[in-house]
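Undergrad: Got a predicted structure plus its sequence, pasted below:
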Amino acid sequence: MNTFQKLGLEPGMAICYSGFREGQNPGGVYPSYDEVREDLQLLKGRWKYLRLFDCDKHGETVLEVIKNEQFDFKVMLGSYIEAELNNFNCPWNGGVYSKKQLEKNARVNEEKIAKLAEFANLYPDIIFSLSVGNEACVDWTDHYVHESRVLEFVKTVQNRANQPVTFCENYAPWLYKLEKLAHGVDFISIHTYPVWEYKHISEALDYTKENYHSVSQKYPDIPVVITEAGWATNSNGRGIPPDNVNEEFQKIYFEKLMEWSEKENILVFFFEAFDEPWKGSPEPLEPEKHWGLYKIDRTPKLVLK
């Protein structure tokens with residue numbers, strides 16, 4: 001299926017963008033207008049579509065910069081919903097909260113969903129699609145929200161905004177427990193990370209294709225977009241063998257993935273534009289910090305040279 005055609009979009013390259021730099025993080029210090037403008041200057045021309053993870057202060061700044069500076073980007077805007085249920089299966093010391101915190105999160109999530117629709121109507125020429133959450137239903141999530149609640153958010157946003165609405169999730173849950181949600185969204189968004197599943201670079205693209213086709217063949221009438229696929233460049237060995245990540249492997253995966261997605265007309269958001277030091281554990285080689293095509297100081301990695 002030609003996902004660009006199905007979604008009424010011009011073909012183009014897409015990338016996940018989160019601009020948090022050293023000393024910045026969601027809920028703390030946010031990137032300034034000038035910092036975001038600097039980032040988008042680096043990304044313009046090559047990438048047409050940006051994925052933003054939350055309709056928070058950072059998302060608002062990015063939208064303002066695109067509008068004021070007249071950058072030629074189209075945005076998938078997300079709402080990063082928080083845990084409404086405990087997940088005792090979360091493997092990384094998270095996923096369990098007090099009843100009071102879960103009740104607060106549910107109220108905050110409703111506010112975020114309202115904000116998502118509000119931004120969609122404020123920036124109709126920039127925002128081309130809306131996501132009501134990110135990796136909130138998968139078995140290992142630390143911010144579990146039941147799929148029926150996610151479907152409720154989908155319906156709410158569909159009633160308040162004109163853009164197509166989706167939910168971004170690992171490919172696996174779409175295969176066995178998100179069938180009802182799949183038929184409620186306007187298109188399905190999947191994440192595929194061969195390197196997190198111990199695949200070598202030589203197996204990576206074939207595994208990505210397998211993940212994609214497993215979902216697209218289950219739902220042949222619903223467009224499927226890849227909203228995250230990437231290759232880390234460093235690891236401390238927790239979850240990813242260090243000898244399976246480096247800039248050479250990232251370059252190989254990026255080039256093969258882009259070649260395949262262009263040939264098949266599949267919208268693919270590469271994860272991600274810039275390294276993010278706030279993510280994961282404090283260890284410098286924590287893999288969560290090293291997915292960017294640019295380093296934290298904004299110098300390009302091998303893939304862009």
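TA: Okay, I see it. Numbering: from 1, shown residues only.
Undergrad: how about the strands in the protein?
TA: 14-16, 49-52, 74-78, 127-134, 165-170, 188-192, 224-229, 268-270 (DSSP state E).
Undergrad: How far away from the center of its chain is the fifth one?
TA: Right, the one you point to is strand 165-170. Mean C-alpha position of strand 165-170 versus that of the full chain (C-alpha atoms, centre = their mean, to the nearest Å) differs by 9 Å.
Undergrad: and if you look at the last one?
TA: Centroid separation for strand 268-270 versus its chain: 9 Å, with C-alpha atoms, centre = their mean.
Undergrad: Quick one: end-to-end distance for stretch 48-66.
TA: Stretch 48-66 stretches 12 Å from its first residue to its last (C-alpha to C-alpha, to the nearest Å).
Undergrad: Actually, stretch 242-253.
TA: 16 Å.
Undergrad: picking that back up, can you list the strands of the chain in a markdown table and add distance to Ser148 and mean pLDDT?
TA: From N, CA and C alone the C-beta is placed, and that goes for glycine too. Shown next, in a markdown table, are the strands of the chain (distance: least, C-beta to C-beta, whole Å; pLDDT from 0 to 100):
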| stretch | distance to Ser148 | mean pLDDT |
| --- | --- | --- |
| strand 14-16 | 27 | 98 |
| strand 49-52 | 25 | 98 |
| strand 74-78 | 20 | 98 |
| strand 127-134 | 13 | 98 |
| strand 165-170 | 12 | 98 |
| strand 188-192 | 17 | 98 |
| strand 224-229 | 22 | 98 |
| strand 268-270 | 26 | 98 |
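Undergrad: which residues in the stretch 1-150 of the chain form helices?
TA: 3-7, 33-43, 57-69, 99-122, 147-160 (DSSP state H, counting those that start in this stretch).
Undergrad: quick one, which of the ones you listed is nearest to Leu267?
TA: Among the helices of the stretch 1-150 of the chain, the nearest to Leu267 by C-beta to C-beta is helix 3-7 (4.6 Å).
Undergrad: Give me the helices and strands touching the closest one, please.
TA: Here helix 3-7 touches strand 224-229, going by 3 or more C-beta pairs under 8 Å, 6 or more residues apart in numbering; DSSP states H and E.
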